[in-house]
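Enquirer: Here is my input, please return the structure:
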Amino acid sequence: MTTTRPRQGRPRHTPPSDPGTSAREQILDAAGALFVDHGITSTSTRMIAERVGIRQASLYYHFATKEEILAELLATSVRPSLQMVDRIRALVPERANPAAALYAVAAMDVRTLSRTPYNIGTLYLLPEVRAERFDAFRAERGRLQSSYGTLGALAATEDVARGLPAERLGELLIQLVEVVIQIRRSREPDAADTEAIASSCLRLCGLGEPAVAAAREEGRTLLSSLD
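Expert: Numbers count the residues shown, from 1 in each chain. Okay, here's the model as predicted:
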């Protein structure tokens, strides 16, 4: 008796979780989750493709390597803030005072980092991100840090400005804003976190509570006008 072996079917693929999302966006979403959960080195393009529900070859149509995927993910965590900060800085001092501008930039940056899928900011300090392939990301983050330093120096009291050069102040301010990355490890940030972090940036510059309150109010208005 001859037994007919069943024909091997084509690999099954899972349907996209959101049919309106492009394949490229699905790849970025899947890769972000895997990079955060398993690390960059332990995540393969095959794992990413399987999570999306596509063949590995299809993934290569969109991205040549997983490093290319990571570079785009990192860009999504800094580029929106960088684009907005350029718009805000252009308003100083004619249409916005530096303290209000600093509050607006910090609040907007906190929101951006709060919304990036899977808390991509946790990948900033991984050894793999120090590679030359990610020079563009580090340069963009450096520009953002420099903007913090410029606005911080303009907003700072004389005592703070005398003791902290703009470069050092920028380093401290961006680190304070990125506290939200650590908050996301334990819970979802909310509007109170945004306000607390942005206000703390002003206090770091030496502003007292009346000045912080005034800058916060103007900063909110400034953000609303730019949305």
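Enquirer: So which residues of the protein form helices?
Expert: Under the criterion DSSP state H, the chain contains helices at 23-38, 45-52, 56-62, 66-89, 98-115, 135-155, 158-163, 166-177, 179-183, 191-204, 209-226.
Enquirer: okay, those, which one's buried deepest?
Expert: helix 98-115 (a mean of 24; mean count of other CB atoms under 10 Å). Glycine gets a C-beta too; all of them are placed from N, C-alpha and C.
Enquirer: Read off the pLDDT value for the closest residue to Glu72 other than its chain neighbours.
Expert: Take Glu72 and drop its neighbours on the chain: the residue closest to it by CB to CB, 6 or more residues apart in numbering is Leu28, 6.3 Å away. Predicted confidence (pLDDT) at Leu28: the value is 95.
Enquirer: returning to what we had before: could you point out which of the helices of the chain sits nearest Leu123?
Expert: Closest approach to Leu123 among these (CB to CB): helix 23-38, 6.0 Å.
Enquirer: That closest one to helix 45-52, inter-axis angle?
Expert: 110 degrees (axes from the mean of the first three to the mean of the last three CA atoms, to 10 degrees).
Enquirer: pLDDT of stretch 130-138, averaged?
Expert: 92.
Enquirer: Now do that stretch: distance from first to last residue.
Expert: End-to-end distance of stretch 130-138 (CA to CA, to the nearest Å): 8 Å.
Enquirer: that older thread, now distance to Gly121 too, for the helices of the chain, in JSON lines please.
Expert: Output for the helices of the chain, formatted as JSON lines (distance: least, CB to CB, whole Å):
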{"stretch": "helix 23-38", "distance to Gly121": "10"}
{"stretch": "helix 45-52", "distance to Gly121": "20"}
{"stretch": "helix 56-62", "distance to Gly121": "23"}
{"stretch": "helix 66-89", "distance to Gly121": "6"}
{"stretch": "helix 98-115", "distance to Gly121": "5"}
{"stretch": "helix 135-155", "distance to Gly121": "10"}
{"stretch": "helix 158-163", "distance to Gly121": "27"}
{"stretch": "helix 166-177", "distance to Gly121": "10"}
{"stretch": "helix 179-183", "distance to Gly121": "4"}
{"stretch": "helix 191-204", "distance to Gly121": "13"}
{"stretch": "helix 209-226", "distance to Gly121": "21"}
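Enquirer: so what are the domain limits for the chain?
Expert: 12-64, 74-226 (automatic domain parsing).
Enquirer: what's the least confident stretch among these?
Expert: If you rank the domains of the chain by mean pLDDT, domain 12-64 sits at the bottom with a mean of 87.
Enquirer: Just to check, Thr43 is in contact with Glu67?
Expert: No: the pair Thr43 and Glu67 does not pass the contact test of CB atoms under 8 Å, sitting 10.9 Å apart.
Enquirer: how close does Ala131 get to Ser44?
Expert: Noted for Ala131: a distance of 17 Å to Ser44, by CB to CB, to the nearest Å.
Enquirer: Thanks a lot, see you next time.
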